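Chemist: 3D, please:
(one chain, ligands or ions: 3)
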Amino acid sequence: MKKIAILGSTGSIGRNAIEVILNFPDRFKVTYLAVNKNIELLLEQVRILKPRGVAIFDRKKAEEFSKLVNGTVEVLAGEEGLVEIVSRDDVDIVLNSLVGFSGLKPTVKAIENKKRIALANKETLVVAGEIITKLLKENDVELIPVDSEHNAIFQCLVGENVSSINKIILTASGGPFLNKDKSELENVTIEEALKHPNWKMGKKITIDSATLMNKGLEVIEAHWLFGLPVEKIKVVIHPQSIIHSMVEFVDGSIKAQLGVPDMKIPIQYALTYPERTPANYGQVDFVKLGKITFLEPDFEKFECLKIAYEVAKLGGTYPTVLNAANEVAVELFLNRKIKFTQIPEIIKRAIDSHRPKFNPDLDDIFKVDFETRELVKNLEAVN
Ligand SMILES: NC(=O)C1=CN([C@@H]2O[C@H](COP(=O)(O)OP(=O)(O)OC[C@H]3O[C@@H](n4cnc5c(N)ncnc54)[C@H](OP(=O)(O)O)[C@@H]3O)[C@@H](O)[C@H]2O)C=CC1
Ligand SMILES: CC(=O)[C@@H](O)[C@H](O)COP(=O)(O)O
Ligand SMILES: [Mn+2]
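Modeler: Ligands and ions are numbered 1, 2, ... in the order given. Down below sits the predicted model:
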C-alpha cells in the first residue's frame, strides 16, 4: 500500500487525482490532504478518504475547519503545515498539485525527506529547476512529471537514452485565441480567455494557455526534467490536443504519446509508474476525429512564448522573475485590473529592470520572487 499526500486536493488536478486513487483501493491510501481555503470541499474529501491529517494554508480557515471536525482528523495550518505533512513517515508519494510559486517549498522539503514526487506544479521547476535537479540527485529521489506533455515525453523515453534525443516537440493547443488577429487580443474578456478548447483546468493555467505562457513555462520545465538545451525543445501548435508531445531521436525516428485529453491518464501513470495499469478514461477514435493538424506558433501574436524562450536561454534568476511577474499579471487580469495584452507588457518590464544572479540558491529565489511581486504591484500600468 503506497501512502499519498495530495497537495492542492481541491483543485482541478487534485480532484482528478482523487478519482484515480479511488479506483485503486488496495494500492493507494491518502494519508494527508492540503488546500488553501476551500474547506467545504475538503470536508467532503475527508469524509470519503479518511486521511490522518490535513494542512490548510489559510489560518482562519484552518481554525474554522478544526471546529468542524472536532478532533476526528489532525489539522495543521499555514505553510509550516504543508512542510510538516510532506516530511511525515506515513507518506511515500507527494502529489504536488499546488498552483504557482507556493509549490516550491513543499517540493524541496518532500525531496529532502526522500519522498517520491508526482509533479503537476510546473512553476517549481521554472523558478528553481537547477536546485531541484541537484536535490533530486543528492537525495536519490525520483520525480515523475504529471503535466500532460512532460508525462508524454517521459513515457516516450522509457527504454531510451537521453543522449539519443535529437529534439523534443511540445504540442500546444493554441488556446482560445488561436484564430484571432493580434489586434483583437486587446479587448478579449476573462470569460473568453477562460474557455480552453480542450482541457478543463484551474483559472491560472487556463489564462496561461490563452497567452501561450503555459507553453513557455513548459519549455523551461522540459529543459530541467530532461536535461536538454532549450534549443532542442520545439513547440508546435496541434489544436486537437490528441498528441500530448513527441520525441525525435538521432536516427530520425519519432515517438509520440497520444490519448484523449483527460489528466487522469498522466496522473495514473505518474502514480503507478513503472507499472502501466488499466483505466477507462476514454479512447481516441481516429476515424471520428478525422484530421489532426499542426501549425507554427506565432511568436509575435503570443509574445509570452517568445519572452519565455529568451528567459530560458538567459537562466539564473530570470525565470523566477518571469514566473512571479506572470502570476501577478494573471491575477490582475482575472480581477479586471488590466487588459489581456498587458500581461506580456508587465512581464517584459519586470525582466528589463532585473539584475540577475546566476547559480542562485533558494534564498535568492525567494528574494527575487518577493521583489518582483512588489515591483509589478507598484507599476503605473496596474494602478
Ligand atoms: N489543471 C490541469 O489540468 C493541469 C494543471 N497543471 C499544473 O498543476 C498545478 C495545479 O493546477 P490546477 O489544479 O489547475 O489548479 P487549481 O487552481 O484548480 O487548484 C490549485 C490547488 O492548490 C491549492 N492551493 C493554492 N495555493 C495554495 C497554498 N498556498 N497552500 C495550499 N494550497 C494551495 C488550492 O486550494 P483551494 O481550492 O483551497 O484554493 C487548490 O487545491 C499548476 O501548477 C498547473 O500549472 C499542469 C497540467 C494540467
Ligand atoms: C493538460 C495540460 O498539460 C495543460 O498544460 C495543457 O497542455 C494546456 O493546454 P495548452 O496546450 O493550450 O497550453
Ligand atoms: Mn501541460
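Chemist: surely N16 and P266 touch.
Modeler: No - at 9.5 Å, N16 and P266 do not qualify as touching, with contact defined as Cβ atoms under 8 Å. (Each C-beta comes from the backbone N, C-alpha and C, glycine too.)
Chemist: who has more neighbours out of these two?
Modeler: Between N16 and P266, counted using other Cβ atoms under 10 Å, the more crowded position is P266 (28 against 23).
Chemist: now the helix or strand where the more buried one lies, how far from the centre of its chain.
Modeler: Counting by DSSP states H and E, the secondary-structure element that holds P266 is helix 264-272. Between the mean C-alpha location of helix 264-272 and the chain-wide mean there is a distance of 15 Å, by Cα atoms, centre = their mean, to the nearest Å.
Chemist: ok, which stretches of the stretch 251-383 of the chain are strands?
Modeler: Assignment of strands within the stretch 251-383 of the chain using DSSP state E, counting those that start in this stretch yields the ranges 254-258.
Chemist: tell me the residue in this structure that is farthest from the middle.
Modeler: In the chain, N70 marks the outermost C-alpha relative to the chain mean, sitting 33.9 Å out by Cα atoms, centre = their mean.
Chemist: which residue comes closest to the closest residue to ligand 3 within the chain once chain neighbours are left out?
Modeler: Of all residues in the chain, D147 sits closest to ligand 3, at 4.3 Å by Cβ to the ion. If you skip the residues right next to it in sequence, D147 has K122 as its closest partner in space, 5.4 Å away by Cβ to Cβ, 6 or more residues apart in numbering.
Chemist: measure that neighbour to E64 for me?
Modeler: Applying Cβ to Cβ, to the nearest Å, one obtains 31 Å for the distance of K122 from E64.
Chemist: kindly report the residues of the stretch 51-200 of the chain close to ligand 2.
Modeler: Contacts of the stretch 51-200 of the chain with ligand 2, taken as Cβ under 6 Å from any ligand atom, map to 147-149, 172-173, 175, 199.
Chemist: filter these down to the ones in strands?
Modeler: A172 (DSSP state E).
Chemist: near ligand 1, from the residues of the stretch 51-200 of the chain next to ligand 2?
Modeler: Under the cut-off given by Cβ under 6 Å from any ligand atom, ligand 1 has 147-148, 199 from those close to it.
Chemist: ok, those residues vs D369, which is closest?
Modeler: Of all those, the one sitting nearest D369 is D147; the distance, using Cβ to Cβ, is 20.6 Å.
Chemist: quick check: pLDDT value at that closest one.
Modeler: Confidence per residue is given as pLDDT, and for D147 that number is 98.
Chemist: which residues touch it?
Modeler: Applying Cβ atoms under 8 Å, 6 or more residues apart in numbering to D147 gives the contacts 119-120, 122, 218, 221, 266.
Chemist: for E40, same thing?
Modeler: With contacts defined as Cβ under 8 Å, 6+ apart, E40 is in contact with no residue.
Chemist: how about K313?
Modeler: V230.
Chemist: I220 versus that one, what's the distance?
Modeler: Taking Cβ to Cβ as the measure, K313 falls 10 Å from I220.
Chemist: for this protein, what lies in contact range of ligand 3?
Modeler: Proximity of the chain to ligand 3 is assessed by Cβ under 5 Å from the ion, with 147-149 identified as the residues in range.
Chemist: ok, now with 6 Å
Modeler: 147-149, 218 (Cβ under 6 Å from the ion).
Chemist: CA-only coordinates of the host helix or strand of E80, as PDB, when you get a sec.
Modeler: Taking DSSP H and E as the definition, one finds E80 inside helix 78-85. Presented in PDB, the C-alpha positions along helix 78-85 are these (Å, rounded to 0.1, in the frame of the first residue of the first chain):
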ATOM      1  CA  GLY A  78       0.000  27.700   7.200                       C
ATOM      2  CA  GLU A  79       3.000  26.900   5.100                       C
ATOM      3  CA  GLU A  80       4.500  25.000   8.100                       C
ATOM      4  CA  GLY A  81       1.600  22.700   7.900                       C
ATOM      5  CA  LEU A  82       2.300  21.800   4.300                       C
ATOM      6  CA  VAL A  83       6.000  21.400   5.000                       C
ATOM      7  CA  GLU A  84       5.200  19.200   8.000                       C
ATOM      8  CA  ILE A  85       2.900  16.700   6.200                       C
END
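Chemist: picking up where we left off before, how many residues are close by the residue nearest to D147?
Modeler: For K122, the tally of surrounding residues (other Cβ under 10 Å) stands at 28.
Chemist: surely it touches L217?
Modeler: Yes - judged on Cβ under 8 Å, K122 makes contact with L217 at a distance of 5.3 Å.
Chemist: which neighbours do the two have in common?
Modeler: Here K122 and L217 share no contacting residue, scored by Cβ under 8 Å, 6+ apart.
Chemist: quick one: residues contacting L43.
Modeler: Under the criterion of Cβ under 8 Å, 6+ apart, the neighbours of L43 are 65, 68-69.
Chemist: that'll do, ta.
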